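> Got a sequence here, can you model it:
(2 chains)
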Amino acid sequence: MPNLNDIMIMLPEFYLVAAACLLLLLDAWMKPEQRNILHWVSVLVVLVGIYLVVAGQPDVAVTAFGGMFVRDAVAEVLKVFALLCTALIFVFSRPYMQDRKLFQGEFYTLMIFATIGAMLLVSAGNLVMVYLGLELLTLCSYGLVALNRDSQLSSEAAIKYFVLGALSSGMLLYGMSMVYGATGTLALAQLHGAVVHAGMSNLMVFGLIFMIVGISFKLGVAPFHMWIPDVYQGAPTSVTTFIASTSKIAAFGMAYRLLESGMGGMAGQWQMMLAVLAVVSLAIGNLVAIVQTNLKRLLAYSTISHMGFLLLGLVNAGPEGYAAAMFYAICYALMSTAAFGVILALARAGFECEEIDDFKGLNQRSPWMAFLMMLAMFSLAGVPPLFGFFAKLLVLKAAIDAGMMWLALVGVVFAIIGLYYYLRVVKVMYFDKPAEGLEVRPQADGFLRTVLSLNALVLLALGLYWGPLLGWCRSAFAG
Amino acid sequence: MFNHLLSLLIWLPIVGAIPVLLAGSARPGLARWISLLVAVLAFVASLFLLPAYNAADSAMQLTESHVWIASLGVHYGLAVDGISVALILLTTFVTILVIVGAWEVIQDKPHQYMAAMLVLEGLMIGVFCATDALLFYVFFEAMLIPMFILIGIWGGPRRVYATLKFFIYTFLGSIFMLIGLIYLYLKAGTFDLHTLAMLPLTMKEQTWLFFAFLIAFAVKVPMVPVHTWLPDAHVEAPTGGSVVLAAVMLKIGGYGFLRFTLPIVPDASEHFAWLIIVLSLIAVVYIGYVALVQDDMKKLVAYSSVAHMGFVTLGIFIAFMLVRDANNIDAAKLGMQGAMVQMISHGFVSGAMFSCIGVMYDRLHTRQIKDYGGVINVMPWFGFFYVLFAMANSGLPGTSGFVGEFMVVLASFAANPWIALFAAFTLIIGAAYTLWMVKRVLWGDVTNPHVREMKEINGRETFVLAAFALAVLALGIWPQPLIHLMDASVSQLVQQLAVHKI
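Just a heads-up that it's a prediction; the model follows:
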């Protein structure tokens, strides 16, 4: 029987479920022109969620519902940033959604439910919970991608996402069933013990492989990346931002829960698999991005390469490596919200501002937006003193520490190749003349512009002083 | 009173760039004056280094150390020795001249130009002060961003190609150094350069690290065969960009050899000193010939920079042969000092040459030598400066160009007369390409009618060129203060060379 204590442990999640249901009701009662209220209430709901996560954080890891749900420091950090990204997306996308007649209650409730899925996923203490969280997150994401239902591109993206997503969920479930068959337990903690004590059978290795396929799909690691470019391009930009930020934080949490909390004893097996996946991702992501002309598609391939870097941290399979990978996931999420935020701020009714050419001469039209985008691009490219560099530094360090010098070298070689396409965006904004008849101006929403500026400047600020964040990430894995 | 002088020197220009940007394109005049003010303040602040720095003491001075990233043990550590002080003074001096030089020339978004220049100045000073390898790396790489923008926005017709090549080339070089630094960090548990210098390393480790550092700094210097980005970057960069690039940025490569390669991997450096010496001689001789055939004045000076920087690397690595093979400490010191004097001198001379070319370019909008001829007839004062700098570039005694080269040649002679012979070639080739350019540009009759319309240099341009000329002559006639400033630090470095780390 669930007792009050269990509920208190899961309070942030319960609160968000209740709030999302209320928002749905609120939306039904509200006139369309009052929807701004819904927007602000949603932002507030998410921010209160962050407060509940941090305020109720116990000193030591606790579990609820018989070990199904774990509330530990890892979950805390990931939830804070997942919620933060969701709040940022709400702020950035209001004018964008209004211009496209997508400014509806569903957007907010689906986003919040998806975020709840992400929170359950990163707190999972049981394979069933992993699966439940994942499905809640992805089912909402399918709906969000298809939100612009009159757009052929969006529908196509949603169907691709759904078919491939269902396939990968099936793979994951299949792997879980094998592991269950081999060990007789679904709880991650017991699974961990079973792997360590009972050793591993072939069945376990197969189960592990299928689970890694599922994780790779969620992260968007090549060769399971096929959905990423189409979904990034086809989805409304605000939804793309969600997939590139909150969803990636959740995917890191899932990888950590399955690989370390569950299958930590088999690190020797999965380290090498992840290393190979990392190399393939780095290669495909960086090389294919070079030829893209659509910025959203370019950022999609950039995601693939960044997830390759994230794996560099995971292959370390030690607390330092996990901290580095978590740092990387957070960094990537914040860079994504900044880069997509600029796209959202520059888009207009009937103009997506998603082609690289749309950014031509942006420095002449809107120097500040160009500057923010430049910060995001240099950060993505990993040029110091921006945040992205230090995240790369840490994962490279983790890989070298794990004795994989070759992997670090592969990483930096592809970082150089990747540099080219980020520089190309800067080049277009700063060195090219604006295209004739193309009037690119940022949205007039002052709050949006302030928050976006803060988001991008944080990339610089965290680059200059990233110690506390790293300390937080490390303390999550210490002990 | 001088506790935070180095931090002030780094952050004053960077923070000063913000009001310049805020002044905006609407008030370009204000932006120019603010940036000049910031540059002058930075220069004045850097002058305080002279009383604050005790040249008799070889230790790093004016130390600042704060914990930057506690969990990694990374420090915000700054300190200077004589070499850094000289290079910082060079940086602040050149920045003023660059800002004055760009005064009316840059009409398109002058505030962004000036701001980029100031940020660049702060970052370069940071490179010369950092005593923590990670901090050094951050400054070293961050420098690329303002330079990328400077070349890309205000450059010539092929600026995009040139600036991308510049950025990617340099990034490519330095990222392998990053891997090397991470390796060192994992071994030593710190990025502190002083600790890393004490760290024992096997020959195999040293060899790998040596090449990791070599790629980074060789690209920056640049050494043959990784110099190809330089002519492109120089040709396309705006005048100010070229001046800073040649006068200060290239020096960072030489400085990196001193701070990283020599103390951290001395045994591998000794082992591969022959390689660097051969590459340096190729730079001196072969690139000299390449410079001879250039049609573009900027390209010619760019190649001559490569040749002159060859002396810097030669002077540094000849010291290894002298200390370890011949045990000739005095000659080694001479070579090292020569390399340092050459760095500073080349800063003035190349900066001056590019400023001169900029002056002509502003009038005729071409850099082709064949478009000029007889310029002296219409611009006699300009001709005076141009000839002076050309003489310095070819190493005439009495100018700064002579001192460093002569010292390096002398040191090489002590090591191996053949090396000295090849190095001394520069005196002939350098004179050949520089003076031949002077002949074709300045002397003769005016054949191009546009040349006749060229106006004599105005007060602003005279100020820039006269400042450079003063520095060139002062250093040429009386180099002693500079040598004294760096003497203790150079001795210290030379002593370090003798220490085996295996």
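> Report the next helix or strand after the helix or strand residue A:157 falls within in sequence order.
Here residue A:157 is covered by helix A:152-183, with elements defined by DSSP states H and E. Going down the chain from helix A:152-183, the next helix or strand is helix A:188-198, by DSSP H and E.
> If I take whatever helix or strand comes next after that next one and helix A:152-183, what angle do their directions form?
Counting by DSSP H and E, the element after helix A:188-198 in chain order, helix or strand, is helix A:202-219. Per axes from the mean of the first three to the mean of the last three C-alpha atoms, to 10 degrees, the angle that helix A:202-219 makes with helix A:152-183 is 160 degrees.
> closest point of the stretch 101-250 of chain A to chain B, which residue?
At 20.9 Å from chain B, residue A:249 is the closest residue in the stretch 101-250 of chain A, using C-beta to the nearest C-beta. Using the backbone N, CA and C atoms, a C-beta is placed for each residue, glycine as well.
> what's the spacing between that residue and residue A:165?
Counting by C-beta to C-beta, to the nearest Å, the separation of residue A:249 from residue A:165 is 18 Å.
> Those two: who's more crowded?
Higher neighbour count among residue A:249 and residue A:165: residue A:249, with 27 against 21, using other C-beta atoms under 10 Å in any protein chain shown.
> Give me the contacts around the helix or strand where the more buried one lies.
Here residue A:249 is covered by helix A:246-255, with elements defined by DSSP H and E. Residues outside helix A:246-255 that contact it (C-beta atoms under 8 Å, 6 or more residues apart in numbering or on different chains) are A:74-75, A:78, A:81-82, A:85-86, A:89, A:114-115, A:117-119, A:121-124, A:130, A:133-134, A:137, A:141, A:215, A:218-220, A:303, A:307, A:310, A:314, A:325-326, A:329-330, A:332-333, A:336.
> one more time with 7 Å, if that's ok
The set of residues external to helix A:246-255 that reach it, using C-beta atoms under 7 Å, 6 or more residues apart in numbering or on different chains, is A:78, A:81-82, A:85-86, A:115, A:118, A:121-122, A:130, A:134, A:137, A:141, A:215, A:218-219, A:310, A:314, A:325-326, A:329-330, A:332-333.
> cool, and stretch A:118-129?
By C-beta under 7 Å, 6+ apart, the list of residues contacting stretch A:118-129 from outside reads A:12-13, A:63, A:67-71, A:75, A:78-79, A:82, A:130, A:132-134, A:136-137, A:176, A:186-189, A:246-247, A:249-250, A:253-254, A:257.
> Give me the phi and psi for the nearest residue to residue B:461 once chain neighbours are set aside.
Nearest residue to residue B:461 in three dimensions, chain neighbours excluded: residue B:359, at 5.4 Å (C-beta to C-beta, 6 or more residues apart in numbering or on different chains). The phi/psi pair for residue B:359 (degrees, to the nearest 10) reads phi -60, psi -40.
> So which bits of the helix holding residue A:157 are buried?
A:154, A:156-158, A:160-162, A:164-165, A:168-169, A:171-176, A:178-180, A:182-183 (16 or more other C-beta atoms under 10 Å in any protein chain shown).
> Which strands and helices lie in contact with that helix?
Other helices and strands packing on helix A:152-183, by 3 or more C-beta pairs under 7 Å, 6 or more residues apart in numbering or on different chains; DSSP states H and E, are helix A:127-145, helix A:188-198, helix A:202-219, helix A:227-234.
> circling back: now what about the next helix or strand after the helix holding residue A:249, what contacts it?
Where DSSP H and E defines the elements, the next helix or strand beyond helix A:246-255 is helix A:267-289. For helix A:267-289, the surrounding residues in contact (C-beta under 7 Å, 6+ apart) are A:205, A:208, A:212, A:216, A:221-223, A:225, A:259, A:263, A:298, A:301-302, A:304-305, A:307-308, A:311-312, A:314-315, A:317, A:404, A:407, A:410-411, A:414, A:417-418, A:421.
> For PyMOL, write the selection for the buried entries among the residues you listed.
In PyMOL, this line selects whichever of the contacts of helix A:267-289 come out buried by 16+ other C-beta under 10 Å:
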select buried, chain A and resi 208+212+216+221+222+225+259+263+298+301+302+304+305+307+308+311+312+314+315+317+404+407+410+411+414+417+418+421
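> Just the contacts of helix A:267-289: which are in helices?
For these, membership in helices holds for A:205, A:208, A:212, A:216, A:298, A:301-302, A:304-305, A:307-308, A:311-312, A:314, A:407, A:410-411, A:414, A:417-418, A:421, with DSSP state H as the criterion.
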